[in-house]
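Engineer: Quick one, what's the 3D model for this:
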Amino acid sequence: VPIYVKRGGVLQNRYGAFAHDSIIGVPFGSKLIAKDARGFVYALAPTPELWSLALSHRTQILYAADISTIIMRLGLRPGSRVVEAGTGSGSLST
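Structural biologist: Predicted structure coming up:
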């Protein structure tokens, strides 16, 4: 989980307590040991993959009224070719 570090702050999780002062300035990839030596975490560089994992992903269900509006606004008719892409439930495809 990404965190914002500031001087004097402390990150507490199930692996222990980590002083922000011990995180600031360390190279990415460094292994950080908890104050009480119960566990450790790694300081990772922020990448698009890590950010996407950290963000909450809420699902959106499309109901018949929504699908009707989308089809009308796109001007779809019988025989229209449609390419649908995504990782959702696929409810629009059915």
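Engineer: switch to C-alpha atoms for all contacts and neighbour counts from now on
Structural biologist: Fine.
Engineer: ok now the worst-scoring helix or strand of the chain on mean pLDDT, how far from the chain's centre?
Structural biologist: Ranked by mean pLDDT, DSSP states H and E, the weakest helix or strand in the chain is helix 48-54, scoring a mean of 77. Taking CA atoms, centre = their mean, to the nearest Å, the mean C-alpha location of helix 48-54 is offset from the chain mean by 5 Å.
Engineer: for stretch 68-81, same thing?
Structural biologist: The answer for stretch 68-81 is 32 Å, by CA atoms, centre = their mean.
Engineer: right, and F40 touches A17 too?
Structural biologist: No - F40 is beyond contact range of A17, at 9.3 Å (criterion: CA atoms under 8 Å).
Engineer: what residue ranges in this structure score low on pLDDT?
Structural biologist: 57, 87-94 (pLDDT under 70).
Engineer: now the strands: where do they sit in it?
Structural biologist: In the chain, the strands defined using DSSP state E lie at 10-13, 16-19, 31-33, 40-42.
Engineer: Quick one: list the elements packing against the longest helix seen in the chain.
Structural biologist: Counting residues, the longest helix found in the chain (DSSP state H) is helix 64-74. Helix 64-74 makes packing contacts with no helix or strand when contacts are defined by 3 or more CA pairs under 8 Å, 6 or more residues apart in numbering; DSSP states H and E.
Engineer: I appreciate the help and will end here.
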